[in-house]
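# just the structure for this:
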Amino acid sequence: MAFKGNESYIPVKKNSSGPGYYFDPASLRLKIQQARLGFSFIKKFANNWLKIKIAKSSILDPLFGYYLVTKRCNFRCRYCYAESNERIASTCPEDLNEQDTLKILKIMRKDVDNIYFSGGEPLLRKDIVDIVKACRTLNYHIVGLTTNGILLPRKHEIAEYLDYLTISLDTLDEKKNDMMCGVKDGTSKKIIEIIKEFAAMQKEKKFSLLINAVITEHNIPDIYDLMDFCFRYNIGLSVIGQMENLRPIAFLRNNKEYFQLVETILDLNAKGYPIIGMPDFNRTMLTFQDHTCYPTLIPTVYPNGDLLYPCEVLNSRRYNLLETGSISRALKLGQKEFGKKINCPGECYLPAFITASCFMEQPMSAIKQAVKLRMGNCYNTEIVENKAWKTKTGG
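Next comes the predicted model:
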């Protein structure tokens, strides 16, 4: 079904007293986990608010640990921000062995309740399932991972240990997606089938499947069909604009078609469709608004255990966690050397940093979003016709 304006998808909660109600009778444990997660975020917000207002510091307690477990990748995406940024691309540290990687996870757990795995392509690590599984033993609240998806059939088990799994897909046009990702013909066709397969697992395995799409000059019209696809298969959609040197490319800043698409995305987001991120996050991210950055809320750890201080972009100093023994110790060393204030121009638009900024400005919305992601298969939408609503494509 094409997303052409004569149909629409409306989030519908089923009647709690009627048949097919989507909450399992055994949901008490989930409710406890959600309450625990919410309390953790509220506590972190209160501590960080005091640091900003009383201590006049922008070195805040982290919410998530962002762990790049490898910089190796089997795709050559044309828009990859890591490859386009000289400071990031100039170093490609070796992966730690599994034993030392598990040490890093234990060290990070002292300071963060939640962890997000990325790369490179994290599924290139032969031990990635054991690494993610270890997060459950270490009692992380939220565990997430981003992948290009092509290796997932070899690692089905990983879904059992994730709260959310993000697969990159920029268009349903298979040839175009192959071109954008720099892969051989037929790769994207396989990925789309893999996405459908894992979408069907969400309820059983209790994780949320997300698609991450990068909007470029090549795929603006395609995002409408991609939204259609996500809503049909009960998949969350995350969208960002293409960047170069971590700044939005000029083409998007001055493109009417792009901003028409953005308004549609924001409208659906506000109405409760499964578009990931609270409205303020998406508006800041997609329209390139000014923002205050608190990068230590989501510290970046490189494959060799280096924590990039104060962030992956500024990268003033690296502190290896195997040496410091904790994230908090690394942040204290950075504060001692560079002061309480981070001289950040706020010009980059990495999603993690925008998320952190929005958390401090609208904590309750951010907490609600985090709890939603923790639920697994959380959208529970039904497809209904709504001829009164039309997209801005006019089509």
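# phi and psi next, for the closest residue to residue 145 other than its chain neighbours.
Of all residues not flanking residue 145 in the chain, residue 117 sits nearest, at 4.3 Å (CB to CB, 6 or more residues apart in numbering). The C-beta positions use only the backbone N, C-alpha and C, and glycine is treated the same way. The phi and psi values for residue 117, taken as degrees, to the nearest 10, are phi -100, psi 140.
# hang on, residue 360 packs against residue 295?
No - between residue 360 and residue 295 there is no contact under CB atoms under 8 Å: 11.7 Å.
# who has more neighbours, the two?
residue 295 (26 against 19; other CB atoms under 10 Å).
# tally of neighbours for the closest residue to the more buried one other than its chain neighbours?
Nearest residue to residue 295, sequence neighbours excluded (CB to CB, 6+ apart): residue 311, at 3.4 Å. Neighbourhood size, residue 311 [other CB under 10 Å]: 25.
# so residue 311 sits right up against residue 300, yeah?
Yes - the criterion here is CB under 8 Å, and residue 311 meets it with residue 300 at 6.4 Å.
# who is residue 115 paired with across the strands?
Counting by DSSP bridges, residue 115 forms beta bridges with residue 65, residue 143.
# so how far is residue 104 from it?
Here the criterion is CB to CB, to the nearest Å. By it, residue 115 lies 10 Å from residue 104.
# overlap in contacts, these two.
residue 67 (CB atoms under 8 Å, 6 or more residues apart in numbering).
# show the contacting residues for residue 125.
So residue 125 contacts 69-70, 95, 131 (CB under 8 Å, 6+ apart).
# among those residues, which one has the most neighbours?
The most crowded member of the contacts of residue 125, judged by other CB under 10 Å, is residue 69 (27 neighbours).
# per-residue pLDDT, that residue?
pLDDT, residue 69: 95.
# thought it was touching residue 130?
No - Residue 69 lies out of contact with residue 130 (CB under 8 Å); the separation is 11.6 Å.
# where does the stretch 1-150 of the chain have low pLDDT?
Scanning the stretch 1-150 of the chain for pLDDT under 70 picks out the ranges 1-31, 34, 81-92.
# could you pull out the strands for it?
Here the stretch 1-150 of the chain has its strands, by DSSP state E, counting those that start in this stretch, at 8-10, 64-68, 114-118, 142-147.
# how about those, which one is nearest residue 334?
Set against residue 334 and scored by CB to CB, the strands of the stretch 1-150 of the chain come closest in strand 64-68, at 15.9 Å.
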